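# Predicted model and sequence below, questions to follow.
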Amino acid sequence: MVFTTVLHETYVIICVIGLKGTNLNMTLKINNLTGGYSRIPVLKDISFEVGDGQLVGLIGLNGAGKSTTINHVIGLLVPQKGKITIDGNTLMDDPQNYKSKIAYIPELPVLYPELTLREHLELTMMAYGLETTSAWQRARVLLQTFRLENKLDWFPAKFSKGMRQKVMIVCAFVTQAKLYVIDEPFLGLDPLATRDLLNLIAAEKKRGAGILMSTHVLDTAQEYCDHFVLLHEGRVRAQGTLEQLRDLYGDLNASLTELYLGMTQDVNGNE
Ligand SMILES: Nc1ncnc2c1ncn2[C@@H]1O[C@H](COP(=O)(O)OP(=O)(O)OP(=O)(O)O)[C@@H](O)[C@H]1O
């Protein structure tokens with residue numbers, strides 16, 4: 001399976017060829033990760049896991065370190081300490097194998113201005129060696145779902161921001177990766193597309209894929225995520241299921257928003 005995406009100014013193809021099948025048996029492990037963009041770390045000793053068939057919500061305020069964590073997972077940043085493994089292997093152990101397991105949807109969609117939607121899909125399929133007949137079957141279903149089926153010959157300049165986001169989603173989900181890494185997916189999407197993306201995530205979970213998703217939309221996260229990692233100022237403030245977090249906080253009816261705000265205020269109060 002395959003995946004293409006755009007990062008920063010240039011297109012970076014995160015790729016490659018993975019295994020298809022229902023027994024995905026995937027585990028992403030982040031162990032004592034310290035890292036960031038310079039010697040002064042943004043992330044401080046964070047640890048958590050994403051198992052197969054699991055949707056993990058990465059929750060945090062602006063600047064908490066969600067995108068930085070994601071940039072480490074997809075291999076754009078190198079850990080200063082600790083390690084990240086997928087199925088026991090780090091990126092350095094076997095870059096192609098590691099990347100082959102990941103489909104990444106960035107927070108800001110960036111597309112090749114000179115390529116049509118059809119060409120973006122062809123590029124994804126070609127770059128990652130997808131079998132084109134079955135890949136196009138999947139693509140057509142995805143294009144219909146996101147109401148893009150009659151826009152195959154459009155260039156990105158003609159797309160709205162939400163449509164560009166949908167192109168990224170279609171390109172990612174056509175790959176049938178083992179691990180989806182999705183950075184803040186809901187902000188540019190209309191309610192229909194949000195519902196369709198959540199259905200797609202549910203279907204991929206059923207297939208056995210793991211999903212790491214950062215979001216500020218806490219009511220949606222509360223409803224759909226199996227496990228939460230609450231990041232605050234580059235540290236994991238708490239993690240667990242909603243029930244575990246409620247236990248930890250001592251309020252069995254608290255919403256995720258209340259839990260997150262309560263826990264981060266506790267931290268700030270102690271400083
Ligand atoms: N390219 C970069 N170079 C240097 N520092 C950065 C860079 N990107 C982010 N940072 C810093 O890293 C910290 C964490 O930022 P990050 O983007 O991971 O937060 P976030 O939780 O994703 O926030 P948001 O919800 O606003 O997207 C912030 O202090 C930010 O200023």
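Noted; the coordinates are in hand.
# all contacts plus neighbour counts: C-alpha atoms, from now on.
Noted.
# Residues of the stretch 101-250 of the chain that sit close to the ligand?
Neighbours of the ligand within the stretch 101-250 of the chain, by CA under 6 Å from any ligand atom: none found.
# so where do the helices sit in the stretch 101-250 of the chain?
When assigned using DSSP state H, counting those that start in this stretch, the helices of the stretch 101-250 of the chain occupy the ranges 117-127, 132-145, 161-173, 191-207, 218-224, 242-249.
# Show me the one of those that comes nearest Val73.
Comparing the helices of the stretch 101-250 of the chain against Val73 with CA to CA, the closest turns out to be helix 161-173 (16.1 Å).
# Output that closest one in PDB, but only the C-alpha positions, please.
Taking Å, rounded to 0.1, in the frame of the first residue of the first chain, the C-alpha atoms of helix 161-173 are listed here in PDB:
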ATOM      1  CA  LYS A 161      -9.900  24.400   1.000                       C
ATOM      2  CA  GLY A 162     -12.300  21.700   2.100                       C
ATOM      3  CA  MET A 163     -12.100  20.000  -1.300                       C
ATOM      4  CA  ARG A 164      -8.300  20.000  -1.100                       C
ATOM      5  CA  GLN A 165      -8.600  18.400   2.300                       C
ATOM      6  CA  LYS A 166     -10.900  15.800   0.800                       C
ATOM      7  CA  VAL A 167      -8.300  15.100  -2.000                       C
ATOM      8  CA  MET A 168      -5.700  14.400   0.700                       C
ATOM      9  CA  ILE A 169      -8.200  12.100   2.500                       C
ATOM     10  CA  VAL A 170      -9.000  10.200  -0.700                       C
ATOM     11  CA  CYS A 171      -5.300   9.800  -1.600                       C
ATOM     12  CA  ALA A 172      -4.600   8.500   2.000                       C
ATOM     13  CA  PHE A 173      -7.400   6.100   2.200                       C
END
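# which residues are in contact with it?
Counting contacts by CA atoms under 8 Å, 6 or more residues apart in numbering, the residues outside helix 161-173 that touch it are 2-5, 103-105, 108-111, 117, 120-121, 124, 139, 142-143, 146, 148, 156, 188-190, 193.
# Just the pLDDT for His8.
Per-residue confidence at His8 stands at 32 (pLDDT).
# now do Ala127
Note for Ala127: predicted pLDDT of 75.
# What count of nearby residues applies to it?
The criterion is other CA atoms under 10 Å. On that basis, Ala127 has 18 neighbouring residues.
# roughly how far apart are it and Arg138?
The spacing between Ala127 and Arg138, counted by CA to CA, to the nearest Å, is 17 Å.
# repeat for His72
With CA to CA as the criterion, His72 and Arg138 are 29 Å apart.
# quick one, which of those two is more surrounded?
Between His72 and Arg138, His72 has the larger neighbour count (other CA under 10 Å), namely 21 against 16.
# Report the mean confidence score over the host helix or strand of that one.
For His72, the host element (DSSP states H and E) is helix 66-73. Rounded to a whole number, the mean pLDDT of helix 66-73 is 96.
# Quick check: buried residues in the very next helix or strand once past it?
Tracing the chain C-terminally past helix 66-73 and defining elements by DSSP H and E, one meets strand 81-86 next. Within strand 81-86, the residues that count as buried by 16 or more other CA atoms under 10 Å are Gly82, Lys83, Ile84, Thr85, Ile86.
# Mind checking what secondary structure Gly262 has?
For Gly262, the reduced secondary structure class is helix; criterion used: DSSP: H, G, I helix; E, B strand; the rest coil.
# what pLDDT does it get?
According to the prediction, Gly262 has pLDDT 88.
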